[in-house]
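J.: Have a look at this prediction, sequence included:
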Amino acid sequence: MKYTYISSEVADTVQLASALAHWLGPGSVVALEGELGAGKTTFSQAFARELGVSGTVNSPTFTIIKEYEGRCPLYHMDVYRLSPEEADELGLDDYFYGDGVSLVEWASRIDELMPVERLQVTIARPVATSIEEWEENRRIITVEPLGELYAEGCRQMAEQGVWSGSEI
């Protein structure tokens, strides 16, 4: 089952990222997808704040992995520039199955290395058919829980009315 969330402004994306981070803990993995400019960094910053990370959080595009301290460690990764073979050499399992939360941007590029159980988050800009429909900050965020832990968290969020879209 997938859940959709309509984000009309940056604050909506921040709200969803915070709600997801609130119930995730050590050993959780979030696979974050979206084209350039979709809002992955905004999502990641809000996610990190909810985990208690202070200071600046930015995309680890060139460093590949950034580690932050909060209520549990946050391992923020950007694997866009890596082949699966290069990523495999980094020992990502130590992060995925470690004592923190792993947030992986462009995770589909290393899909075969990602844990089977994870939270798949995709941020997309809707396609406008006219200038009147175009809204700069509007995003459609799809969340797909893979594994019972993630499915239960998403069900609880549904019961709390977090999802602004529908289950698909």
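T.: The structure has been received and is ready for your questions.
J.: what's residue 35 in contact with, if anything?
T.: 124, 125 (CB atoms under 8 Å, 6 or more residues apart in numbering). From N, CA and C alone the C-beta is placed, and that goes for glycine too.
J.: How about the one 5 residues further on?
T.: For residue 40, the contacting residues are 32, 33, 34, 59, 105, 123, taking CB under 8 Å, 6+ apart as the criterion.
J.: can I assume the fourth one is in contact with residue 80?
T.: No - the pair residue 59 and residue 80 does not pass the contact test of CB atoms under 8 Å, sitting 9.2 Å apart.
J.: Between the two, which contacts overlap?
T.: residue 105.
J.: List phi and psi for residue 110.
T.: Main-chain dihedrals, residue 110, degrees, to the nearest 10: phi -130, psi 40.
J.: tally of neighbours for it?
T.: When counting by other CB atoms under 10 Å, one arrives at 22 neighbours for residue 110.
J.: so what's it closest to, chain neighbours aside?
T.: residue 87 (4.4 Å; CB to CB, 6 or more residues apart in numbering).
J.: Then residue 141?
T.: For residue 141, the spatially nearest residue (CB to CB, 6+ apart) is residue 5, at 4.3 Å.
J.: returning to what we had before: what about the residue nearest to residue 110, is that helix, strand or coil?
T.: Here residue 87 is helix, with the state taken from DSSP: H, G, I helix; E, B strand; the rest coil.
J.: Might you list the low-confidence residue ranges for this protein?
T.: Scanning the chain with the threshold set as pLDDT under 70 gives 128-137, 164-168.
J.: residues contacting the residue positioned nearest the centre of it?
T.: The chain has residue 32 as the residue nearest its centroid, 3.9 Å off, counting by CA atoms, centre = their mean. Counting by CB under 8 Å, 6+ apart, residue 32 makes contact with 40, 43, 44, 103, 104, 105, 106, 107, 121, 122, 123.
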